[in-house]
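Visitor: I would like the atomic coordinates for the input below:
(one chain, ligands or ions: 1)
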Amino acid sequence: MTESADVVICGAGPAGWVAAIAAARQGLSVVLADRYGFPGGTAVSGYVLPISGFYYNGNRVAGDIAYEFAKRMEAAGAAIFEMPRGNVSFDPEYYRIIATRMLDEAGVTFASNVYIDGVVADDVPDGRRLSHVTVAGKSGHEAFEGKIFIDATGDGDVCAMANVPMQPDDPARQPMSLCFALAGVDTSTELLKNSIHHDGKHGPRSRNVTIREVLLADPEVGDFCGPWFNTAVSAGTIVVNITRTDCDATDRRAYAAAEKKLREDMLMLVGKLKANFREFSECSIVASAINAGIRESRRIRGRYTLTGDDFLSGQIPLCPVAACSHPVDIHAPSGAGQTVIWLDHPGYIPFGSLVADGFPNLIAAGRCISVDPTAFASIRVQGTCMTVGEAAGKAAAFCLEKGISVTEADTEGFDPGTVRSF
Ligand SMILES: Cc1cc2nc3c(=O)[nH]c(=O)nc-3n(C[C@H](O)[C@H](O)[C@H](O)COP(=O)(O)OP(=O)(O)OC[C@H]3O[C@@H](n4cnc5c(N)ncnc54)[C@H](O)[C@@H]3O)c2cc1C
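Guide: Below is the predicted model:
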């Protein structure tokens, strides 16, 4: 046993690193573990821009820590708020540095470069209680002890290892995409100047139609998406979301094959852009995601599974932890299709979607919470995952202070303060 803390947070993506700050600011000792050397998860490692879900029609729905982070990024010239739609573009290099500063200031122990590979749990009268997670890294095999654990691995790895029931496999699971950065694009032409999304200039709402039509008509082009071009703010590059493939991310062989295909597709698609559009003729790929970005994988079957109907009704549930503004945004597993349902009002996530009966000290946060595929298609965005993470970190403090299990928090009056009325 090499680390011991009140809360062990597994995964330092948007949900995990924000959960760590929330818990530490409540006075808890916090260990945050991740396989990478930086916080940010898919936002940074996957080149996934922008942070969506900050505002609903100009009213902020994202939590305070997400907002504080985005304002600090903006002050550093590394973020742009897009109003009223609520997307925040950012520079991924600044993201990891500013998030790391915030973790340091809060006193979080960031155990980076470790792979979480197991749990130690005891069967107790109220279910399965975790005592440790085990991790592997260059220092060997270690165990991190905690009183409460937050699974923010995106894929629900810790919950799966603890045998938390999972949602059924979704045959229409959203596909993976490998995003990348291009330099040397002429963004001054009519075709492109309004196509760089989320740069504060209120460009058109959706993908670039002209480029899409050319790609759709090309028999050599298979699955693709968008394309969406996003600004990386201060880096002088555009970040491109255009590749697509269906894959079960929890199957390592399938993931390896998907990643290989997506890298080949990236080269092929950039070749098509260069050949067909003079804006891209001089461009080059200057960076690509560390891993293919996973939109959808495991989710827990928690105490409450939020359905699309609940979500779209806009009803405020018991103990809401986040108000969501992103549309229900479903990418077809293959082809180039996308279904978008714009919200008439925010949708709300209940705390019951973060916990599972029989697991008294385990909280899920981020995209692995208990929601159906329709609700998932909205709640998966970063602004919402950060807000859910903030609520999860505060819930850990609430439960430890009251001496209750995490499954009792909502009925015992927990209010994360992450949902404000407007
Ligand atoms: C192609 C693509 C486009 C997207 N577009 C947008 C968009 O435009 N706007 C938006 O807001 N969102 C977008 N998203 C969604 C968003 O990026 C993710 O849903 C969000 O990052 C999920 O946050 P998370 O914290 O739950 O998980 P993640 O970001 O996946 O973070 C999980 C963290 O856990 C770590 N981890 C996982 N397993 C282990 C393990 N066993 N041991 C150690 N560490 C582990 C990972 O390294 C990572 O740091 C997109 C996603 C993809 C893939």
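
Visitor: mind checking which helix or strand of this protein has the lowest mean pLDDT?
Guide: Ranked by mean pLDDT, DSSP states H and E, the weakest helix or strand in the chain is strand 196-197, scoring a mean of 76.

Visitor: partners of that one, with directions?
Guide: Partner strands for strand 196-197, per DSSP bridges, with pairing direction: strand 224-231 (parallel).

Visitor: Measure how far the following helix or strand past the strand it pairs with is from the centre of its chain, please.
Guide: Following strand 224-231 in sequence order, the next helix or strand is strand 238-243 (DSSP states H and E). Using CA atoms, centre = their mean, to the nearest Å, the mean C-alpha position of strand 238-243 is found 17 Å from that of the whole chain.

Visitor: same question, stretch 276-289
Guide: 26 Å.

Visitor: Which residues of the stretch 251-400 of the chain lie near the ligand?
Guide: Within the stretch 251-400 of the chain, the residues that sit near the ligand (CB under 6 Å from any ligand atom) are 293-295, 366-367, 380-383, 385. Where you see a C-beta, it was placed from the backbone N, CA and C, and this is true even at glycine.

Visitor: Among these, name the ones in helices.
Guide: Taking DSSP state H, the ones among those that sit in helices are 382-383, 385.

Visitor: quick one: average pLDDT of the helix or strand Leu191 falls within?
Guide: Under the criterion of DSSP H and E, Leu191 resides in helix 190-193. Throughout helix 190-193, pLDDT has a mean value of 81.

Visitor: list the buried ones in that helix?
Guide: Leu192 (16 or more other CB atoms under 10 Å).

Visitor: now swap in stretch 396-415 and tell me
Guide: Quick answer for stretch 396-415 (16+ other CB under 10 Å): 396-400, 405-410, 414.

Visitor: For the residue of the stretch 51-200 of the chain found nearest the ligand, list the residues it contacts.
Guide: Going by CB to the nearest ligand atom, the ligand is nearest to Gly154 of the stretch 51-200 of the chain, at 2.8 Å. Gly154 makes contact with 11, 13, 15, 41-42, 294, 297, 366-368, according to CB atoms under 8 Å, 6 or more residues apart in numbering.

Visitor: With Asn113 instead?
Guide: 34-37, 137-138.

Visitor: Next step: the buried residues of stretch 396-415 restricted to helices.
Guide: 396-400.

Visitor: Closest one of these to the ligand?
Guide: Ala396 (16.0 Å).

Visitor: What pLDDT does the model give that closest one?
Guide: Looking at Ala396, the pLDDT reads 98.

Visitor: What separation is there between it and Ala409?
Guide: Applying CB to CB, to the nearest Å, the value for Ala396 to Ala409 is 9 Å.

Visitor: Give me the buried subset of the contacts of Asn113.
Guide: Those of these that meet the buried threshold are 34-36, by 16+ other CB under 10 Å.

Visitor: Could I get the residues you listed in TSV, plus columns for secondary structure and pLDDT?
Guide: Below are the buried ones among the contacts of Asn113 laid out as TSV (DSSP: H, G, I helix; E, B strand; the rest coil; pLDDT from 0 to 100):
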residue	secondary structure	pLDDT
Asp34	coil	98
Arg35	coil	98
Tyr36	coil	98
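
Visitor: of all the residues you listed, which comes closest to Ser281?
Guide: Tyr36 (34.7 Å; CB to CB).

Visitor: What is the burial count for the nearest residue to the closest one once chain neighbours are set aside?
Guide: Excluding the flanking residues, the one nearest Tyr36 by CB to CB, 6 or more residues apart in numbering is Ser45, at 6.0 Å. Residues lying near Ser45 (other CB atoms under 10 Å) number 19.

Visitor: Does Ser45 touch Ala289 like I think?
Guide: Yes: taking contacts as CB atoms under 8 Å, Ser45 lies within contact range of Ala289: 6.3 Å.

Visitor: Okay, buried residues for stretch 256-276 please.
Guide: 258-259, 261-263, 265-266, 269-270, 272-274.

Visitor: TSV please, covering these and showing secondary structure and pLDDT.
Guide: Output for these, formatted as TSV (three-state DSSP; pLDDT from 0 to 100):
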residue	secondary structure	pLDDT
Ala258	helix	98
Glu259	helix	97
Lys261	helix	98
Leu262	helix	98
Arg263	helix	98
Asp265	helix	98
Met266	helix	98
Leu269	helix	98
Val270	helix	98
Lys272	helix	97
Leu273	helix	96
Lys274	helix	97
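
Visitor: With distance to Ala249 added, can I get those in TSV?
Guide: As requested, these are exported to TSV (distance: CB to CB, whole Å):
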residue	distance to Ala249
Ala258	8
Glu259	10
Lys261	14
Leu262	12
Arg263	16
Asp265	17
Met266	18
Leu269	21
Val270	24
Lys272	27
Leu273	27
Lys274	30
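
Visitor: Quick check: of those, which lies closest to the ligand?
Guide: Leu262 (10.0 Å).

Visitor: Now do the contacts for the closest one.
Guide: Applying CB under 8 Å, 6+ apart, the residues contacting Leu262 are 176-178, 243, 245, 292.

Visitor: So which of the residues you listed belong to strands?
Guide: Within the contacts of Leu262, residues falling in strands by DSSP state E are Thr243.

Visitor: Of the contacts of Leu262, grab the buried ones for ChimeraX.
Guide: This is how ChimeraX selects the buried members of the contacts of Leu262, with burial counted by 16+ other CB under 10 Å:
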select :176,177,178,243,245,292
